[in-house]
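Colleague: coordinates only, sequence not included:
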């Protein structure tokens, strides 16, 4: 039903709110015949827009929004606008976007400037754009979309419904599953960073003989880099989502459905379990193990193993509450130092006063009397 209504929306550009409620499995409160033409942020929405509130800090816009309808949690108060009620407003918003989104057109057939080796095997329904290069012994499944400048290296094997955006580079011998999306400028299978100092004072390169394996339903962001293993494989598990400018070094393993935000860097042989979440700019030392369902706060440095389900942060990463207390203390450090200096000064004055006092202060006044 969702896909059918998506086609209707794209062809007609306007949907009735009742149709949207049915497609998203939401409770409708208000007029079902409200026309919706797009999904838009609540603070700038206008007539014909559908918006949502998934975070309490945006509730202030309820009084001022000009949207025609909103997606809200069931427990929120009724308002003058029609609403779609769901326990997962953010998810419903994401699915509503899909109803109205019109993706860029696929290339038609094989562009005349594409270079495809005679030994390459490409499944039916492929769309191959300008200046694509497919080298010898490559195998690509059905319904592939290779946009301009994509390069697929020798003997790489790719599954069905693969999508590469412009200037994606996939080096030789890589293995990629079904329904994988790789965004512009990403490089898969580049050499791992391996050098050994020699007695002659040089750095000798360690040949990177391994490969990269990317399982089904993975999405890799723009300018991300995933290195081939020295030996064996670098493996990206099913459903993993990797943001822009992420570096995955040789021999790493990322478990199913893990999420890595922008500019993360995994050193060689890092092991991530399933459903791990790394915030932006997280870095790991080599050979670290991060357990299933663990979460690492942005800008953290992981220098030791992280237990399954743990939430850590900081450099080095420690349990999140300890890191928060330490961060709060750091912000108060200036005040603490000022108080310490005052105490030291006062202590010095007291010590000086005691040094000049009679040996037995309790007897001094008695002798005066």
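Modeller: Now that the structure is in, tell me what you want to look at. These numbers were taken from a predicted model, which means no experiment stands behind them. Numbers count the residues shown, from 1 in each chain.

Colleague: so which residue is dead centre in the chain?
Modeller: Geometric centre of the chain, nearest residue: residue 261, 2.7 Å, by Cα atoms, centre = their mean.

Colleague: spatially nearest residue to that one (excluding sequence neighbours)?
Modeller: residue 280 (4.2 Å; Cβ to Cβ, 6 or more residues apart in numbering). C-betas here are computed from N, CA, C, even on glycine.

Colleague: how about the helices in the chain?
Modeller: 2-12, 17-24, 89-100, 320-331, 333-355, 364-368 (DSSP state H).

Colleague: of the ones you listed, flag the one that's most buried.
Modeller: Highest mean neighbour count among these (mean count of other Cβ atoms under 10 Å): helix 17-24, with a mean of 20.

Colleague: now do it against helix 89-100, angle only.
Modeller: Helix 17-24 runs at 110 degrees relative to helix 89-100, counting by axes from the mean of the first three to the mean of the last three Cα atoms, to 10 degrees.

Colleague: list the contacts of helix 17-24.
Modeller: Helix 17-24 has contacts (Cβ atoms under 8 Å, 6 or more residues apart in numbering) with 1-2, 5-6, 8, 26-28, 30-36, 50, 68-69, 71, 82, 84, 86, 92, 95-96, 99.

Colleague: rerun at 7 Å
Modeller: 1-2, 5, 28, 31-34, 36, 50, 69, 82, 84, 92, 95-96, 99 (Cβ atoms under 7 Å, 6 or more residues apart in numbering).

Colleague: in stretch 203-218, what counts as buried?
Modeller: 208, 210, 211, 212, 213, 214, 215, 216, 217, 218 (16 or more other Cβ atoms under 10 Å).

Colleague: cool, and stretch 292-303?
Modeller: 293, 294, 295, 296, 297, 300, 301, 302.

Colleague: hang on, the earlier thing: what's the separation between the residue nearest to the centre of the chain and residue 89?
Modeller: Residue 261 sits 22 Å away from residue 89, going by Cβ to Cβ, to the nearest Å.

Colleague: ok, now which ones touch residue 193?
Modeller: So residue 193 contacts 249, 250 (Cβ under 7 Å, 6+ apart).

Colleague: try residue 176
Modeller: Counting by Cβ under 7 Å, 6+ apart, residue 176 has contacts 158, 159, 162, 214.
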